[in-house]
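[1] Predicted structure and sequence below. I'll ask about it afterward.
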Amino acid sequence: MLVNKVDALNREELLEIVKIHKVYYPSGHMTKLFSDELLFSYYQLISDCAQDILIVKDNGGSIIGFAFLGNSFGAVMKNLILRNKIRMAFFCAKNFKYVISFFLDRFGCGSRGFNSSSDVRLISIVVNTDFRKGIGFNILEFIKTQLYPNLIVGLSVKTSNIHAVNFYIRNGFFVEKIIRDKIFMVSR
Ligand SMILES: CC(C)(COP(=O)(O)OP(=O)(O)OC[C@H]1O[C@@H](n2cnc3c(N)ncnc32)[C@H](O)[C@@H]1OP(=O)(O)O)[C@@H](O)C(=O)NCCC(=O)NCCS
């Protein structure tokens, strides 16, 4: 299945992406607790700030995998809060523990001061893993060979996300730094 680079996503495509994230993203990540509306807003902001949007569709035209790359992810959480004040207030009240650990990680003793050697970051990659046909591999290959053959691609992944960590290592990424429950990896 072909990896396509697109300039923007329409509402239907964003809704498909939200659905894939809800089903296939592993638990343990704060976004897994987001309501559909909050997740929609999150991906809308990511697609607005992304440098590159990659999607893979099946033969029927449904999205079965996607990736976003860019360098300005920092603004996403800030704008998510600003655009969704009431939803975020409910979310914080309901998921107090996650919110505290997120902010401790980001602004306290976490990764804020760490400067990765990467030139561009893989912000999000999710695949409908029911297909099991190397779609994730194809997306990474496209990034490494067609988009950024001469640049260092960086990402962060939770230590608990063993499948993704193995996937990145299998595809030539190595560990740059580990901070708390997060592994920073680079493509070379
Ligand atoms: C991480 C992720 C993107 C990796 O994508 P993936 O498609 O599972 O990874 P691969 O491309 O390596 O393919 C996976 C499987 O397909 C198999 N495969 C590869 N090519 C194949 C082919 N041509 N035909 C059939 N199967 C194939 C692989 O052997 C592998 O099987 P295994 O996991 O049982 O060993 C995906 O697992 C995912 O979306 N995870 C949830 C979200 C997530 O954690 N994202 C990362 C956050 S940092």
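    Received, thanks.

[2] does the residue nearest the centre of the chain belong to a helix or a strand, and which?
    When CA atoms, centre = their mean is applied to the chain, the residue found nearest the centroid is Ser124 (1.8 Å). If you go by DSSP states H and E, Ser124 is part of strand 120-127.

[3] what's near enough to touch Leu14?
    Residues in contact with Leu14 (CB atoms under 8 Å, 6 or more residues apart in numbering) are Phe40, Tyr43, Gln44, Ser47. Yep, even glycine has a C-beta here, placed from its N, CA and C like the rest.

[4] same question, Phe40
    Residues near Phe40 by CB under 8 Å, 6+ apart: Leu14, Leu15, Val18.

[5] Now do the SS call for it.
    helix (DSSP: H, G, I helix; E, B strand; the rest coil).

[6] So that it lines up with my notes, have the first residue be 698 from now on.
    I'll keep to 698 as the first residue from here, and by that count the last item is Phe737.

[7] where's it relative to Thr728, distance?
    As judged by CB to CB, to the nearest Å, Phe737 and Thr728 stand 11 Å apart.

[8] and what of Thr842?
    Using CB to CB, one obtains 29 Å as the distance from Thr842 to Thr728.

[9] neighbour count winner among the two?
    Just comparing Thr842 and Thr728: by other CB atoms under 10 Å the higher neighbour count belongs to Thr728, 15 against 9.

[10] Tell me if I'm right that the more buried one and Tyr739 touch.
    Yes - with contacts counted by CB atoms under 8 Å, Thr728 reaches Tyr739, the gap being 6.2 Å.

[11] now this protein, which segments are flagged as low pLDDT?
    803-810 (pLDDT under 70).

[12] how about the residue in it positioned nearest to the ligand, what does it touch?
    As assessed by CB to the nearest ligand atom, the ligand sits closest to Gly833 within the chain, at 2.1 Å. Shown in contact with Gly833 (CB under 8 Å, 6+ apart): Gly762, Ile822, Val824, Phe864.

[13] got a winner among the residues you listed for most neighbours?
    Counting by other CB under 10 Å, top hit in those: Gly762 with 25 neighbours.
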